[in-house]
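Asker: what follows is a predicted structure for the sequence shown.
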Amino acid sequence: MIKIYHNPRCRKSREGLTVLENSGKEFEIVKYLDKVPSEEALAEIINLLGISPMQLVRKTEKIWKENYKGTHMSDAHIITAMIENPKLIERPIVINKEKAVIGRPSEKINTII
């Protein structure tokens, strides 16, 4: 089943949700700020995306700028930072079986559904 990691307060995330709603396909919504993925689950998402953990970080977030910007961090430490501060996770993330995309722009979602 298709899964979207969604933040209802984010315009881009809402746009991604609309793409899925318009697709007519079944999907599951994961409000990742309420149900934070485990470190293992986030590592698997990053693997499916085919990116480094740093590429999933929202570097414009205040939390990042004040606590992490300019520091050298291992991939594991970056993943831990995202788990401890889920606002740092880029959104929306859409997963369909063994494929995943960050839905920015939302049209990218169409490539995997």
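Answerer: Yes, it's here. Remember, predicted model here, so these are calculated numbers, not experimental data.

Asker: pLDDT weak spots in this structure?
Answerer: Counting by pLDDT under 70, the chain contains no low-confidence range.

Asker: hmm, who's touching the longest helix seen in it?
Answerer: Ranked by residue count under DSSP state H, the longest helix found in the chain is helix 11-23. Outside helix 11-23, the residues within contact range by CB atoms under 8 Å, 6 or more residues apart in numbering are 2, 4, 6-8, 27, 29, 91-92, 94, 103-107, 109-110, 113. Backbone N, C-alpha and C define where each C-beta goes, glycine included.

Asker: run the chain-centre distance for that helix.
Answerer: 14 Å (CA atoms, centre = their mean, to the nearest Å).

Asker: likewise stretch 66-77?
Answerer: The chain centre lies 18 Å from the centre of stretch 66-77; the measure is CA atoms, centre = their mean.

Asker: for stretch 46-65, same thing?
Answerer: In terms of CA atoms, centre = their mean, the centre of stretch 46-65 is set 8 Å apart from its chain centre.

Asker: among the contacts of helix 11-23, name the ones in strands.
Answerer: Judged by DSSP state E, those include 2, 4, 6, 27, 29, 94 as members of strands.

Asker: which ones are touching residue 54?
Answerer: 75, 78.

Asker: ok, now with 10 Å
Answerer: Residues in contact with residue 54 (CB atoms under 10 Å, 6 or more residues apart in numbering) are 46, 73, 75, 78.

Asker: the residues you listed into a markdown table, with extra columns for secondary structure, neighbour count and distance to residue 17?
Answerer: Listed next are the contacts of residue 54 as a markdown table, based on DSSP: H, G, I helix; E, B strand; the rest coil; neighbours: other CB atoms under 10 Å; distance: CB to CB, whole Å:
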| residue | secondary structure | neighbour count | distance to residue 17 |
| --- | --- | --- | --- |
| 46 | helix | 22 | 21 |
| 73 | coil | 14 | 31 |
| 75 | helix | 12 | 29 |
| 78 | helix | 20 | 26 |
